[in-house]
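**Q** this one's sequence-less:
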C-alpha cells in the first residue's frame, strides 16, 4: 500500500535529506544517522521502484553514484515536511504521554 | 520513534476516520476496512499511549465504548490528511512505476 511506503520512517528521512539536491550514498547515510547500509539500500530501492528517487551512476574512477528526488518525490516533500515539523513540535508532548501511560 | 507511529498506515486511517467525531470500535472497524480487531485494538492503544486518542466507557447496558481524537490528535489531522490526499492523487503513478520496475 502507498501509505505504508510513504510513512516509513527511513523513507521520510531520505526524502527530507534529498530535498536540497542529489547526494551520494555515504553522505546520505551520514545525514540520516542510525541507519544501516542494508536498510538504507532497501529504502532507496523501494523509493526508486515507486518513482520517488533516481539513482545515477557517473562513469568515473572510482564510479560515483548519486541519488536524487524525481518530480514525483519533490511533490511529496511539502506534505511530508509538514508532518515532520508537527512531529518535531510535539515530540515532547507525545513522550510525556508515553511516560504517564507506563 | 514518533515518525514511525504517526506514519503507520492504520494510525493514519484511524486519525482520518475519527476526524468527524467520536466512533465506536465496530463502526471504526467498518469504516477502515481490512483491519483485524487485534490490529485495530493495538493501533488504538498505541494512539492512546501517545495522547492522540481517548477511550471513553459509558455506563450503559451493554457498555458503550467510544474513541475520540484529543486536541493533539486533531492538530495532527491537517498535515496527515495532506499526505493522504497526495497518496490518493498519485497512487496510479506510483503503481505504474512499480509495474515497470518488475
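**A** All right, it came through fine. Everything numeric here is computed off the predicted structure, so don't read it as measured data.
**Q** C-alpha from now on. contacts and neighbour counts both.
**A** Fine.
**Q** and residue A:34, that one's in a strand?
**A** No. Read with DSSP: H, G, I helix; E, B strand; the rest coil, residue A:34 is coil and lies in no strand.
**Q** could you pull out the strands for chain A?
**A** Using DSSP state E, the strands of chain A run over A:23-24, A:53-58, A:64-69.
**Q** Redo those as JSON lines? Include distance to residue B:100.
**A** Shown next, in JSON lines, are the strands of chain A (distance: least, Cα to Cα, whole Å):
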{"stretch": "strand A:23-24", "distance to residue B:100": "25"}
{"stretch": "strand A:53-58", "distance to residue B:100": "14"}
{"stretch": "strand A:64-69", "distance to residue B:100": "18"}
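**Q** Pick out the residue in chain A sitting closest to chain B.
**A** With Cα to the nearest Cα, the shortest gap between chain A and chain B falls at residue A:7, namely 4.0 Å.
**Q** wait, what's in contact with the residue nearest to that residue when sequence neighbours are not counted?
**A** Distance criterion Cα to Cα, 6 or more residues apart in numbering or on different chains; nearest residue to residue A:7, sequence neighbours excluded, is residue B:7 at 4.0 Å. Residue B:7 makes contact with A:3-4, A:6-9, according to Cα atoms under 8 Å, 6 or more residues apart in numbering or on different chains.
**Q** Restrict the residues you listed to the buried ones and give me that as a ChimeraX selection.
**A** Filtering the contacts of residue B:7 down to the buried ones (16 or more other Cα atoms under 10 Å in any protein chain shown) takes a single ChimeraX command:
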select /A:3,6,7,8,9
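**Q** In helices, which of the contacts of residue B:7 appear?
**A** Applying DSSP state H to the contacts of residue B:7, the entries found in helices are A:3-4, A:6-7, A:9.
**Q** Can you report how many residues lie near the nearest residue to residue A:83 once chain neighbours are set aside?
**A** Using Cα to Cα, 6+ apart and skipping the chain neighbours, the partner closest in space to residue A:83 is residue B:79 (5.2 Å). Neighbour count of residue B:79, defined by other Cα atoms under 10 Å in any protein chain shown: 18.
**Q** Distance from stretch A:59-77 to the middle of the chain?
**A** Relative to its chain's centre, stretch A:59-77 lies at 12 Å (Cα atoms, centre = their mean, to the nearest Å).
**Q** And for stretch A:17-25?
**A** On the basis of Cα atoms, centre = their mean, stretch A:17-25 is displaced by 9 Å from the centre of the chain it belongs to.
**Q** Let's test this: mean pLDDT of it, rounded?
**A** Stretch A:17-25 carries an average pLDDT of 96.
**Q** which parts of that stretch are buried?
**A** For stretch A:17-25, a neighbour-count test (16+ other Cα under 10 Å) marks A:17-19, A:22-23, A:25 as buried.
**Q** Redo the residues you listed as JSON lines? Include distance to chain B.
**A** Converted to JSON lines, the buried residues of stretch A:17-25 look like this (distance: Cα to the nearest Cα, whole Å):
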{"residue": "A:17", "distance to chain B": "15"}
{"residue": "A:18", "distance to chain B": "18"}
{"residue": "A:19", "distance to chain B": "16"}
{"residue": "A:22", "distance to chain B": "20"}
{"residue": "A:23", "distance to chain B": "22"}
{"residue": "A:25", "distance to chain B": "21"}
